[in-house]
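Q: A predicted structure for the sequence below; I have some questions about it.
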Amino acid sequence: MNTTKFMAACLVFALVGVPTLSFAKARGGSGGGFSSGSRGGSSSGSMGSRGSRTYQDNGAKPIEQSTTARPSAPPPTSAVGGASSASRPAPAAQPSWIQRNPLLAGIAGGLAGTWLGHMIFGATDTSARTTDGAEGEQAAAGAGSNGLLLLLMVMGGGALWWYMRSRRTPAPNFAGLARTSAARGSLLADSSGARLGAAAVEEEITAADKAAFQQALTAIQTAWSGQDLAALRRLVTPEMLEYFSAGLAEQASEGVANRVEDVVLGRAEVRESWSEGATQYATVSLSWSAKDYTISLAKQPGEQGALVEGNAELPVETTEVWTFMRFGSGKWLLSAIQQVA
């Protein structure tokens, strides 16, 4: 009986205690505001969109939350390295002569039917009239005329088939035409180069762009600390605004506020920059220090329990990978945040 009670107690602890510990661990973090997993950011992690490179490995943790659709998985390949036999399309069956020439097939069928009818009914009619000499001569003459008519019909069908064949235009063969074989300046070369270049074109980041990234870091942390969604809307993409809004809503429900103050950028390293059509992206590794702490809105500063988490006096170091995007030569907006791997 004691063993049964002990096993039941362990089961209850596993069902209740373990999820609680996991939730607490998910909410903990090293500071740095919403993105680093502080108290107000239970939905923190790697999030947002990096365009066509959203799910590519760039040295940081993969993006887990994104509205960008994942690319479809490539077909399986065989051990030799080529495509498997199951993924290769079966060769198309060649159409028969009847399928390729329905008109001639109909004419040939009609001629064959006429000839068979003549052979059956003409021969019967001729044999029935063999007793009369004059009638036999007439039947022979009729058979000869029918044979001549049949020959003329065959010759007409052959002439029609030759005429239709000579008018048939052969389909152009593009099998040997590749992008590299297109003549320079041709429409094919220009269109294919523009289409492939629009997918991912490396871009150069200037000193003014880096200054804009630094300013965006400070402005976003300030807007987050002040729970100012209107200011965040001018600094981030709609997808990132949704994540920030969810974090602020959780803070409001719990009656707390996360503060990130005295942000000092230590290092900004551009990892990659590219453009997709009119949209330009830049992924930057940012390292900064800031005071990151969470307070209770129900208590006055200095009261017991006013400081919920963190330290209001000592700054903490944070490193994250941020991706910015802009349309044309417009303003840079934060589009994704990744944690350091």
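A: It's in.

Q: Give the bridge partners for residue 282, please.
A: Legend: beta-bridge partners of residue 282 under DSSP bridges are residue 273, residue 324.

Q: Look at it and report its pLDDT.
A: We have a pLDDT of 97 for residue 282.

Q: likewise residue 195?
A: On pLDDT, residue 195 comes in at 37.

Q: What helices and strands are in contact with the helix or strand containing residue 318?
A: Using DSSP states H and E, residue 318 sits within strand 316-327. Under the contact criterion of 3 or more CB pairs under 8 Å, 6 or more residues apart in numbering; DSSP states H and E, strand 316-327 touches helix 207-225, strand 279-296, strand 333-339. The way it works is simple: take the backbone N, C-alpha and C, and place the C-beta from them, glycine included.

Q: Using CSV, write out every CA atom in the last one.
A: This points to strand 333-339. Provided in CSV are the C-alpha atoms of strand 333-339 (Å, rounded to 0.1, in the frame of the first residue of the first chain):
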residue,chain,number,x,y,z
LEU,A,333,12.8,48.5,-40.0
LEU,A,334,13.5,45.6,-37.7
SER,A,335,12.2,42.4,-39.3
ALA,A,336,13.8,39.5,-37.3
ILE,A,337,15.7,38.7,-34.1
GLN,A,338,17.8,35.6,-33.6
GLN,A,339,19.6,34.4,-30.5
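
Q: List the contacts of it.
A: 35-36, 45-50, 54, 58, 60-63, 66, 216, 220, 235-237, 239-240, 281, 283, 320-326 (CB atoms under 8 Å, 6 or more residues apart in numbering).

Q: go with 6 Å
A: 35, 46-50, 60-61, 236-237, 240, 320-325 (CB atoms under 6 Å, 6 or more residues apart in numbering).

Q: What of stretch 207-224?
A: By CB under 6 Å, 6+ apart, stretch 207-224 touches 33, 34, 231, 232, 235, 260, 263, 265, 268, 284, 286, 332.

Q: List the buried residues for stretch 294-301?
A: Within stretch 294-301, the residues scored as buried using 16 or more other CB atoms under 10 Å are 294, 295, 296.

Q: Could you give the average pLDDT over that stretch?
A: Mean per-residue pLDDT for stretch 294-301: 94.

Q: mind checking the end-to-end distance for that stretch?
A: Stretch 294-301 has an end-to-end distance of 12 Å (criterion: CA to CA, to the nearest Å).

Q: Extract the C-alpha set from the strand holding residue 318 and format it as CSV.
A: Extracted C-alpha coordinates of strand 316-327, given in CSV (Å, rounded to 0.1, in the frame of the first residue of the first chain):
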residue,chain,number,x,y,z
VAL,A,316,24.3,43.2,-18.4
GLU,A,317,25.9,42.2,-21.7
THR,A,318,23.7,41.0,-24.5
THR,A,319,24.5,39.7,-28.0
GLU,A,320,21.9,39.1,-30.6
VAL,A,321,21.5,38.9,-34.4
TRP,A,322,19.0,41.4,-35.8
THR,A,323,17.8,41.6,-39.4
PHE,A,324,16.7,44.9,-40.8
MET,A,325,14.8,45.5,-44.0
ARG,A,326,13.7,48.6,-46.1
PHE,A,327,11.9,49.3,-49.3
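
Q: Break this structure down into its domains, please.
A: 29-65+199-339, 98-163 (automatic domain parsing).

Q: Give me whichever of the ones you listed is most buried.
A: Most buried of the domains of the chain, by mean neighbour count (mean count of other CB atoms under 10 Å): domain 29-65+199-339, with a mean of 17.

Q: where does the stretch 201-341 of the chain have low pLDDT?
A: For the stretch 201-341 of the chain, no stretch is flagged by pLDDT under 70.

Q: Try it again at 90.
A: Residue ranges of the stretch 201-341 of the chain with pLDDT under 90: 201-204, 301-302, 329, 341.

Q: Okay, and residue 261 sits in which element?
A: Per DSSP H and E: strand 256-276 holds residue 261.

Q: Hmm, I typed the wrong one, I wanted residue 252.
A: Going by DSSP H and E, residue 252 is in helix 238-254.

Q: could you say what helices and strands that helix packs with?
A: Counting contacts by 3 or more CB pairs under 6 Å, 6 or more residues apart in numbering; DSSP states H and E, helix 238-254 packs against helix 229-233.

Q: Check which helices and strands the helix it packs on is in contact with.
A: helix 238-254.

Q: and the angle from the helix it packs on to strand 256-276?
A: Computed by axes from the mean of the first three to the mean of the last three CA atoms, to 10 degrees, the angle separating helix 238-254 from strand 256-276 equals 170 degrees.

Q: CA atoms of helix 238-254 as CSV?
A: What follows is helix 238-254, C-alpha atoms only, in CSV (Å, rounded to 0.1, in the frame of the first residue of the first chain):
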residue,chain,number,x,y,z
PRO,A,238,4.0,44.4,-38.7
GLU,A,239,5.1,40.8,-37.9
MET,A,240,7.6,42.0,-35.2
LEU,A,241,5.1,44.5,-33.9
GLU,A,242,2.7,41.5,-33.2
TYR,A,243,5.4,39.8,-31.1
PHE,A,244,6.2,42.9,-29.2
SER,A,245,2.5,43.6,-28.6
ALA,A,246,2.0,40.0,-27.2
GLY,A,247,4.9,40.6,-24.8
LEU,A,248,3.5,43.9,-23.6
ALA,A,249,0.0,42.4,-23.2
GLU,A,250,1.5,39.7,-20.9
GLN,A,251,3.2,42.3,-18.8
ALA,A,252,0.0,44.3,-18.5
SER,A,253,-1.9,41.2,-17.4
GLU,A,254,0.7,40.4,-14.7
